[in-house]
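Trainee: Model the following, please.
(3 chains)
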Amino acid sequence: MTGVNFVSTSAVIPASVVVPLGAAALMAGFSRFLPRRARDLIAIAVAVATTTLTLILMAASAGHPMIYWFSGWRPAAGMVIGIDYAVGPLGAGMASLAGLLASAALVYCLRYFDSARGRHHALVLIFLAASVDFCLTGDLFNLFVAFELVAVTAFALTAYNAGHPAPLQGAINFAVTNSLGGMCVLMGVGFLYARTGSLNLAQIGQALAGHHADGLIVVAFALLAGGFLVKAAVVPFHFWLPDAYGSAPIPVCVLFAGVMSELGLFAVIRVWDTVFSGLAGDPGPRMRAVLLGLGILTALVGAVMALAQIHLKRMLAFVTVSHLGIYLIGAGLLTPLGLAGASLLVIGDGLAKSALFLGVGVVQHQRASVSETKLRGAGRGLAVTGVTVALGALVLADLPPFVSAAGHGLLVDAADRAGLPWMEIVIALCVVTSSAAVLRAAGRIWLGWGASESPERDSGTEDDPGDESNPAGTEAAARGPGERERPGRRKRAPLTMVLPPLALLAIGLGLGLTSGIEEHAVSAAAAFSDRAAYVAAVIGPHGGSAAARISVPASPPVSVGGVLTDLGQVLAVLCVAAIALDRRAARLRRVLSAGIGWLRRLHSGLVGDQVTWLAAGLAVLAALGLVALR
Amino acid sequence: MSVLAYGVVAWLFLIGLYGVVTSRNLIHMVVCVSVAQSATDVLLLEIGYRAGGHAPVFVSLPAHPGPAVDAVTQALALTDVVVGATVTALLLALAVQVHKRAGTLDPDALRATKE
Amino acid sequence: MSRRARLALFAVAAAALAVTLGIGLAGLPSFGSQVSSYAKLLNVLAPRQRHVTDVVSAVTFDYRGIDTLFEEFILLGAVAGISMLLRPLSDEVRELPEDKVPDRAIPPPSPAVWLLAVLLSSLLALIGLETVTHGVLTPGGGFQAGVVLASAIYVVYLGTNYTTVERYQPDALLEASDGVGAFGFVVIGLLGLLAGDVFLTNVVGLGVTGNMIAGGTIALLNLTVGLEVAGGFAILASEFLDQTAVIRTRTKQ
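Mentor: Take a look at the predicted model:
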């Protein structure tokens, strides 16, 4: 690869953000002049176009990264002047997932969001553009700006059902904690700029390489990681997530659960790999311990809390938290194999979680409730959705041959090679628990199993408002002419709501059956993790054309043992779900729920508590960073 | 001088956090978030400061102008101000709706997302 | 957590955070002692390469222009989000003040207040226009000017009544200016692509340093951003005012 010029002037790279941004600007400005169908279809077309562009980028950058210098400012005399996009397959793949889920959400929106008059299209498209920017950028401050843009659009979308207190409170918790996280990121950026004089990831990494981490570097890392981990909902920064995801509209939950939180983890690993991994004293193994500890804690807390929920959306929110912990375990191993496993899990689980949320959305639309106990037996007539939900739960438990099973296999192998064979058991425990919670809910709703009254007290979250029906407190039908009817027992669920989740699961199956998906993932992860190669590509001695050799570890072939383990996990899920529904196990359930009462009380939904935990978590992270980096 | 200048950053951020944690009024909380935000602005501007330097505007300069301060951090601070203003506006809109729907502005009295 | 437990935990956490921030801040170079070589380079290059005298504008709209594109869309997104949050919901209705008592006319604003509003509004509009066009020469530019222009609109609210404001500042126009301003930034960036270069390259004639029309796309971007910010903040004022003055809970008929 000597003499290869990594600088690219392909118009596809800026187009992947410019197309959704331009469309969003026109939508925001002129939505009142467009008929409703036109707005919906244009938005879907733009989202699909963006997905196509990012897929093209993923394919084109598979061999070597593509560096795009905005405004034409290339590095001069080894100093970076402008802002660049460093397009690699991992980043572009993440951006494609964002595009795919945004498209699915917008298709679902054809039957939703009646009164927002097209403003939500602009918000979703801006969210998408910001996610793409987040995944492709090579500049640390641009990463912060994209972080804030994703956040601002997300805050607004969460509170769509502004007539109910729950979405409003969820949005406030979300906004306050994530803004504070963003401020931490910015302070970290400021510290690094003061030390190294640059905002470019490659240049900062080059400036810090080989030096010992002093107090400033440790604190910069703690602030950056802490801020991003708030977005990634890692314990103890996770308290906002169930409040926000539990009350946001369904299509918005699809975007959040599938892509937004994973972006936080992406940023942590990106910043580590490009900036901090070259520090003297080999901080890798100690940082691995820190990240793994956080990941395990998050996975456990999420799984246990998910089992205790009867509010379907909150349950899925905690399932999301648990899986985020598992992704952090994979990425936190700090090896290409672990990162590849985490990436495939992100894709596979992202598709499955989105399918689950969309399935819950169908139930909510047709039966006007998201409470598992109130919906007992109400699933008759929604057979397709029932199959979707059950399948989604099993895919989350790594049902082969879906792509999440491939990811799980890589992750377990990476843990083995890192000398941590017991990690597989921890992951299995968490995955089984969270999937069993979903399957239990499916069993109760569709098959009518389980006790009619739940022994646990109803959670305080009021029943979900659904698509903007009458706000709480208004009993009389205050409908104007032409407004939608109240959702009730309808005859059939609309196809635009029933088909997207199945399509997402089908894509997961298709990806899992693609031969060589593991090799692609591992080589993408290897390219992502190689700091020296990245620095050479961006500011190499020949202005970005230095040869960069990336060593790709051999990925293991799919083994029969791996498939059997996955099937065993699925079987365990079925067993635990059955136990959860069995009347005879009621005493066991009461004992267990009493045992975790303290954990449930900690999730008070009060923003003051959540900010306190944020401050405590930052302090702990700084202390851990001190141990890991010096 | 350094201790005072940089100490302001830590003080603003922590007092903003304290305000958020102990707040009994959403409007007050929004302002406290804004105070914490200003800590980051101050940090950026202080990093870019040069003693005896003039603004990075090269017009109407005296005969021996001396060095200019950092223009990049000023651009970053500008972006931060815009971000802060938009988040404040969004939070205020949420506060308006919460007051209407939940009847209270006390964040500790909101029970809609309690576990 | 009880309030006392929360305060106790926060006290400990804040103390630890104070130490952390202290360690980080202590590692910074002494206050006012140095400026990064990146900044020094730009202070030298920008007037020469871009024919502007305000380097901050050059950094914002040229060297780091793509950041500003996303920053502008943060504002657009927030405005769209807030107008979505504050929209009249299904149990609310828009009721103009005069609808409540149709047989009484709303008294017109006092002539003194009205005159003051006109004077102040004109002054602010002038200052705003001056700021936006001189962004390449002196501190100022699109964002700052947009806020000043929006405040010219706010003053009209203060000095007159709701009906007057709604007649002369139709929401459609404000939204359109918001959207056009944001789209304009994208279009100007595309000029670079059309000229065969990369996105957001400064391909328009650069003019002479010290002139108002200089800096190429920097001047143009200042104008579009000013348009967008002014429209955005005016929409915000309109939305919040609607919540107070106009949107009422629907009463049972």
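Trainee: now the residue lying farthest from the centre of chain B, what's its secondary structure?
Mentor: Relative to the C-alpha centroid of chain B, counting by C-alpha atoms, centre = their mean, B:Ala63 is the outermost residue, at 36.4 Å. The three-state assignment at B:Ala63 reads coil, by DSSP: H, G, I helix; E, B strand; the rest coil.
Trainee: Residue ranges in the chain under the pLDDT threshold?
Mentor: Going with chain A. Across chain A, the ranges flagged by pLDDT under 70 are A:1-5, A:112-116, A:452-491, A:541-558.
Trainee: Wait, chain B was what I had in mind.
Mentor: Using pLDDT under 70, chain B has no residue that qualifies.
Trainee: Might one say that B:Glu46 is in contact with C:Phe31?
Mentor: Yes: taking contacts as C-beta atoms under 8 Å, B:Glu46 lies within contact range of C:Phe31: 6.3 Å. For glycine as for every other residue, the C-beta is placed from the backbone atoms N, C-alpha and C.
Trainee: more crowded one of the two?
Mentor: Applying other C-beta atoms under 10 Å in any protein chain shown to B:Glu46 and C:Phe31 shows that B:Glu46 carries more neighbours, namely 20 against 17.
Trainee: Tell me how far the more buried one lies from A:Val254.
Mentor: The gap separating B:Glu46 from A:Val254 is 42 Å, by C-beta to C-beta, to the nearest Å.
Trainee: how about the helices in the stretch 1-150 of chain C?
Mentor: C:3-26, C:37-50, C:55-58, C:65-85, C:97-100, C:111-133, C:142-159 (DSSP state H, counting those that start in this stretch).
Trainee: got it, and chain B?
Mentor: Along chain B, counting by DSSP state H, helices occupy B:2-22, B:26-47, B:71-102.
Trainee: Could you pull up the residues touching A:Ala267?
Mentor: Residues counted as contacts of A:Ala267 (C-beta atoms under 8 Å, 6 or more residues apart in numbering or on different chains) are A:Phe134, A:Leu143, A:Phe147, A:Phe228, A:Lys231.
Trainee: Let's see that with 10 Å instead.
Mentor: Contact analysis of A:Ala267 by C-beta atoms under 10 Å, 6 or more residues apart in numbering or on different chains lists A:134-135, A:140, A:143-144, A:146-147, A:185, A:224-225, A:227-229, A:231-232.
Trainee: now A:Ile81
Mentor: Taking C-beta under 10 Å, 6+ apart as the contact definition, A:Ile81 lies against A:69, A:71-75, A:198, A:200, C:38, C:41-42, C:45, C:63-64.
Trainee: Near chain B, list only the ones from those residues.
Mentor: Contacts with chain B within these, counted by C-beta under 10 Å from any C-beta of the partner chain: A:Ser198, C:Tyr38, C:Leu41, C:Leu42, C:Tyr63, C:Arg64.
Trainee: ok, the last one - how many residues close by?
Mentor: Using other C-beta under 10 Å as the criterion, C:Arg64 is surrounded by 27 other residues.
Trainee: Pull up the gap between it and B:Gln74, please.
Mentor: Separation of C:Arg64 from B:Gln74 (C-beta to C-beta): 11 Å.
Trainee: now swap in the fourth one and tell me
Mentor: For C:Leu42, the distance to B:Gln74 equals 11 Å [C-beta to C-beta].
Trainee: between the two, which one's more packed in?
Mentor: Legend: neighbour count by other C-beta under 10 Å for C:Leu42 and B:Gln74, higher for C:Leu42 (26 against 20).
Trainee: give the contact list for the more buried one.
Mentor: Applying C-beta under 10 Å, 6+ apart to C:Leu42 gives the contacts A:81, B:56, B:68, B:70-72, B:75, C:36, C:49, C:55-56, C:58-59, C:62-64.
Trainee: most neighbours, which of those residues?
Mentor: For the contacts of C:Leu42, the largest number of neighbours (other C-beta under 10 Å) sits with B:Asp70, at 31 neighbours.
Trainee: if we can go back for a sec, for C:Leu42 and B:Gln74, list the residues in contact with both.
Mentor: Common neighbours of C:Leu42 and B:Gln74, using C-beta under 10 Å, 6+ apart, are B:Pro56, C:Val55, C:Val56, C:Val59.
Trainee: doesn't C:Leu45 make contact with the first one?
Mentor: No: with contact defined as C-beta atoms under 10 Å, B:Pro56 does not count as touching C:Leu45 (11.7 Å).
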